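**Student:** Task: produce atomic coordinates for the following.
(chains A and B)
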Number of protein chains: 2
Amino acid sequence: MQVRLNTAEDAAHAIRSMQVRGAPLIGVAAAYGVALGLRHDASDSQLAQVIALLAATRPTAVNLHWALARMRRVLEKSALAIRRETAWQEARAIAAEDVATNALIGVHGLRLLMLHQPKDAVLQIMTHCNAGRLATVAHGTALAPIYAAHAAGIPVHVWVSETRPRNQGLLTAWELAEARVPHTLIADNAAGLLVMQGKVDMLIVGADRIAANGDTANKVGTYLKALAAAAHGVPFYVAAPLSTIDFSCPSGQDIPIEERTAAELGAGDVPAINPAFDITPAHVITGIISERGVAAAEALAQWKT
Amino acid sequence: MQVRLNTAEDAAHAIRSMQVRGAPLIGVAAAYGVALGLRHDASDSQLAQVIALLAATRPTAVNLHWALARMRRVLEKSALAIRRETAWQEARAIAAEDVATNALIGVHGLRLLMLHQPKDAVLQIMTHCNAGRLATVAHGTALAPIYAAHAAGIPVHVWVSETRPRNQGLLTAWELAEARVPHTLIADNAAGLLVMQGKVDMLIVGADRIAANGDTANKVGTYLKALAAAAHGVPFYVAAPLSTIDFSCPSGQDIPIEERTAAELGAGDVPAINPAFDITPAHVITGIISERGVAAAEALAQWKT
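**Tutor:** Next comes the predicted model:
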């Protein structure tokens, strides 16, 4: 399905309804949303209104707010006469940087994968949700090192968890099939058993917001996988661009968790709640992979610019 | 839907296809299956054949094998002339004992619930899969103490996890609604977040087989919930009749895990696997509730008869 976005409202709807999803792609879509919103009126008040509209779409992924803050900073300094053009330029820059950033995550992650590669056996990686190219402009975050390993001829197999209630695991399975990377879908519930059985060498997931202390918000269910990894001494990595780190957010407790409609569970009128993210504490994260390299979750301050 | 079982083959099909499910109910259905299988031929060879047919249906729930062993023991001693009648009597006895056993689990569990009841607040209980009356002849195992607490006027609320891929959580929600016990459905993935947020006072689940050392096989996903409970100091209980304890099985590693068809995931031709159970190690189980009382998972030997 292809969706054409003509207005800032279209962009806001696409983000809110998850036509675009994945923290990095949400950031890029919001930046283009600002450019669309200034097409007929590039005034300060229109800029403020468009940014407020887009900022209100989803609360957890910080890349959204990072991209909007960047657009605001650049556009407020831009003369009215060239503001529209500046907006398109900056949105294009954000998109292009996402491609380069994820390529670097692939490079740094590949070194880690080689470190964990078992002798004479396929490297077994588990992921959660979708953090491949469909969640970014290209390459993906968590999947970038996997694509890189596959391209480098390292034998990998990926355990893809279904990721209820939205089943984004099917997006990951589709991406891996397209890239010809061997993979197997599992129910989210099966993750603990596979880790216990020694069938997982490492886990890699993306992130929606990383607090200054390394606590990480990602798709709900991530925390349970991290607990299983910690219980069995299996490394658990988070792959995300620096724009996902929110240094203004001291810890995971300060990250807002989006509550989505219970209808996503598809259980009719059974009372239900549907938090879309959870918090994985820094102490169960082996390392965070960004375009700058790999850091311990507790040592992100080194990346503060 | 009501299904009438006329033959041992009908009973085997009902168990295999999960028309009846829940470890205790599988045991009872198998016992009646033996009685059905002897209707036209009560010979030793027919008895052996019927038991083999029923034993091959599902590998993990030990109550199946417990009930079949009990039927064999009684029927081998029974004269051919009265063997049919003996089979019906013994099946009825197994069913009646299940009712009494679960009522006692409710009594012992209720004391535990009162212990964990917060002052001036609703007791928040999380469960997994379905271990209510639909999984037994009556009362249920994990839900027996909850029904008892509700009947005693103790305010309880139950977090019901969806339990992919078969969604048995909907059975639990249906049962709790029928019993007017407040409850909320969640995606399995949300369990870690709720435990972390302090929204769960205790967890209770059923069991399909408990090894001699207390390691417990239950519906896949149970282990992840136990890990979350352990990480946050929340008590995690297993409720099951003594017939679920397999003293011939030294540890969880020795429990066969049923691999069901990937079609249950409903993901078309995406490669998938579907293990139906996982193992929760004794050290993350706070206690096991049986008709004999509550014991530490590591101290089950006291119940060996």
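**Student:** quick one: average confidence on the longest helix along chain A?
**Tutor:** In chain A, taking DSSP state H as the definition, the longest helix is helix A:80-116. Average pLDDT, helix A:80-116: 97.
**Student:** How about the residues of the stretch 51-200 of chain A by chain B?
**Tutor:** Proximity of the stretch 51-200 of chain A to chain B (Cβ under 8 Å from any Cβ of the partner chain) is limited to residues A:162-165, A:170, A:173, A:177, A:183-194, A:196. Placement of C-beta: from N, CA and C, glycine included.
**Student:** quick one on the thing from earlier: against which helices or strands is whatever helix or strand comes next after the longest helix of chain A packed?
**Tutor:** Where DSSP states H and E defines the elements, the next helix or strand beyond helix A:80-116 is strand A:123-127. When contacts are defined as 3 or more Cβ pairs under 8 Å, 6 or more residues apart in numbering or on different chains; DSSP states H and E, strand A:123-127 packs onto helix A:80-116, helix A:144-151, strand A:156-161, helix A:191-196, strand A:202-205.
**Student:** The shortest one: partners in the sheet, and parallel or antiparallel?
**Tutor:** Sheet neighbours of strand A:202-205, with direction, are listed as strand A:123-127 (parallel), strand A:236-239 (parallel) (DSSP bridges).
**Student:** Pull the shortest one out as PDB, backbone CA atoms only.
**Tutor:** Listed next in PDB are the C-alpha coordinates belonging to strand A:236-239 (Å, rounded to 0.1, in the frame of the first residue of the first chain):
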ATOM      1  CA  PHE A 236      21.000  -8.100  24.900                       C
ATOM      2  CA  TYR A 237      21.800  -5.100  22.700                       C
ATOM      3  CA  VAL A 238      19.800  -2.000  21.800                       C
ATOM      4  CA  ALA A 239      20.500  -0.400  18.300                       C
END
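**Student:** what does the following helix or strand past it rub up against?
**Tutor:** On the C-terminal side of strand A:236-239, the closest following helix or strand by DSSP H and E is strand A:245-246. Identification of contacts with strand A:245-246 by Cβ atoms under 8 Å, 6 or more residues apart in numbering or on different chains yields A:62, A:66, A:209-212, A:255, A:290, A:300, A:303.
**Student:** Can I get those residues in JSON lines including neighbour count and secondary structure?
**Tutor:** Below are the contacts of strand A:245-246 laid out as JSON lines (neighbours: other Cβ atoms under 10 Å in any protein chain shown; DSSP: H, G, I helix; E, B strand; the rest coil):
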{"residue": "A:62", "neighbour count": "27", "secondary structure": "helix"}
{"residue": "A:66", "neighbour count": "23", "secondary structure": "helix"}
{"residue": "A:209", "neighbour count": "29", "secondary structure": "strand"}
{"residue": "A:210", "neighbour count": "31", "secondary structure": "strand"}
{"residue": "A:211", "neighbour count": "25", "secondary structure": "strand"}
{"residue": "A:212", "neighbour count": "17", "secondary structure": "coil"}
{"residue": "A:255", "neighbour count": "22", "secondary structure": "coil"}
{"residue": "A:290", "neighbour count": "25", "secondary structure": "strand"}
{"residue": "A:300", "neighbour count": "20", "secondary structure": "helix"}
{"residue": "A:303", "neighbour count": "16", "secondary structure": "helix"}
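**Student:** For the strands paired with strand A:202-205, state which one has the densest average packing.
**Tutor:** strand A:236-239 (a mean of 26; mean count of other Cβ atoms under 10 Å in any protein chain shown).
**Student:** Redo the strands paired with strand A:202-205 as CSV? Include mean pLDDT and distance to residue A:14.
**Tutor:** As requested, the strands paired with strand A:202-205 are arranged in CSV below (pLDDT from 0 to 100; distance: least, Cβ to Cβ, whole Å):
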stretch, mean pLDDT, distance to residue A:14
strand A:123-127, 98, 24
strand A:236-239, 98, 24
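**Student:** mind checking which of those is nearest residue A:271?
**Tutor:** Closest approach to residue A:271 among the strands paired with strand A:202-205 is made by strand A:123-127 (31.2 Å; Cβ to Cβ).
**Student:** out of the contacts of strand A:245-246, which one sits closest to chain B?
**Tutor:** Among those, residue A:255 lies closest to chain B (Cβ to the nearest Cβ), at 11.3 Å.
**Student:** which residue sits closest to the residue in the stretch 51-200 of chain A positioned nearest to chain B, ignoring its sequence neighbours?
**Tutor:** Chain B sits closest to residue A:189 of the stretch 51-200 of chain A, with a gap of 2.9 Å, by Cβ to the nearest Cβ. Residue nearest to residue A:189 in three dimensions, not counting chain neighbours: residue B:221, with 2.9 Å by Cβ to Cβ, 6 or more residues apart in numbering or on different chains.
**Student:** and what of residue A:266?
**Tutor:** Leaving aside its sequence neighbours, residue A:266 sits nearest to residue A:165 (Cβ to Cβ, 6+ apart; 7.2 Å).
**Student:** I'd like to know how many residues surround residue A:119.
**Tutor:** 4 (other Cβ atoms under 10 Å in any protein chain shown).
**Student:** Which strand residues bridge residue A:205?
**Tutor:** Note on residue A:205: beta-bridge partners residue A:238, judged by DSSP bridges.
**Student:** Can you lay out the strands paired with strand A:202-205 as CSV showing distance to residue A:279?
**Tutor:** Formatted as CSV, the strands paired with strand A:202-205 follow (distance: least, Cβ to Cβ, whole Å):
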stretch, distance to residue A:279
strand A:123-127, 18
strand A:236-239, 12
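**Student:** Of all those, which one is nearest residue A:81?
**Tutor:** Nearest to residue A:81, of those and by Cβ to Cβ, is strand A:236-239 at 40.9 Å.
**Student:** How is chain A divided into domains?
**Tutor:** Split into domains by automatic domain parsing, chain A comes to A:8-96, A:100-303.
**Student:** okay, these, which one's buried deepest?
**Tutor:** domain A:100-303 (a mean of 21).
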